[in-house]
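no FASTA, just this:
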């Protein structure tokens, strides 16, 4: 089948980034990323047809692109529970950011030092971490931020000041979190805890044999 469409240079890079669950964001500070976003915007129609041949749905929402998960809208799909489990690690730190920065949205800029100091000064926030000492909280913050960065929701703009910017793709996370019912989160957390306990018991049993 011949496709009479126009696709840009760098289509392979766009595909590889989105295929791995990444995002192309309008407000990403990196020039190469911005170039790919602009190409995707300029050739959106052609790229949509091109990727559709492989069964991939290119979606643009709130100034960011991603490949749609076809199972996401199916409430009965086991993929929904997998997705919920995948998003659980983001919930607590999103709460922390919201309490400290009041309102987190694409374009919001913050530093690790700012987050750290606010947590140390706030008993309810510091109690969300396993230990309340500065070193352990700092490590937990760095771990949380690294998770957000690796999933394409934050970008480190300055290594010297450890400054980060919230990317357009953050809206995708907010949309999903807004759909999560508290009871569903509790149920999944309890299920995950049971799985951990079963694994630990099995490891202990194997070690004693």
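Sure, I can see it. Everything numeric in this text was worked out from a predicted model, so none of it was measured. Numbering: from 1, shown residues only.

the closest residue to residue 154 other than its chain neighbours sits in which helix or strand?
Sequence neighbours aside, residue 148 is the residue nearest to residue 154 in space, at 4.3 Å (criterion: CB to CB, 6 or more residues apart in numbering). C-beta here means a position set from N, CA and C on the backbone, and glycine is covered the same way. Element membership of residue 148, judged by DSSP states H and E, is helix 134-150.

what helices or strands is that helix leaning on?
helix 78-101, helix 112-120, strand 154-158 (3 or more CB pairs under 8 Å, 6 or more residues apart in numbering; DSSP states H and E).

the helix or strand that comes right after the last one - contacts with which helices or strands?
Following strand 154-158 in sequence order, the next helix or strand is strand 163-166 (DSSP H and E). For strand 163-166, the helices and strands in contact under the criterion 3+ CB pairs under 8 Å, 6+ apart are strand 109-111, strand 154-158.

how about these, which one is nearest residue 144?
strand 154-158 (9.9 Å; CB to CB).

before we move on, the earlier item: out of the helices and strands packed on helix 134-150, nearest to residue 62?
Across the helices and strands packed on helix 134-150, residue 62 has its closest neighbour in strand 154-158 (15.9 Å, CB to CB).

partners of that closest one in the sheet?
Applying DSSP bridges to the sheet, strand 154-158 is found paired with strand 163-166 (antiparallel).

what's the following helix or strand after the partner strand?
helix 170-179.

quick one: that following helix to chain centroid distance?
The chain centroid and the centroid of helix 170-179 are separated by 9 Å under CA atoms, centre = their mean, to the nearest Å.

what's the burial count for residue 6?
Applying other CB atoms under 10 Å, we find 12 residues neighbouring residue 6.

the domain parsing of the chain - what is it?
For the chain, automatic domain parsing gives the domain ranges 11-67, 78-180.

can you tell me the centre-most residue of the protein?
The centroid of the chain falls nearest to residue 151 when counting by CA atoms, centre = their mean (4.2 Å).

from residue 22, how far off is that residue?
Remark: distance between residue 151 and residue 22 (CB to CB, to the nearest Å) = 8 Å.

check residue 133 too.
The spacing between residue 133 and residue 22, counted by CB to CB, is 35 Å.
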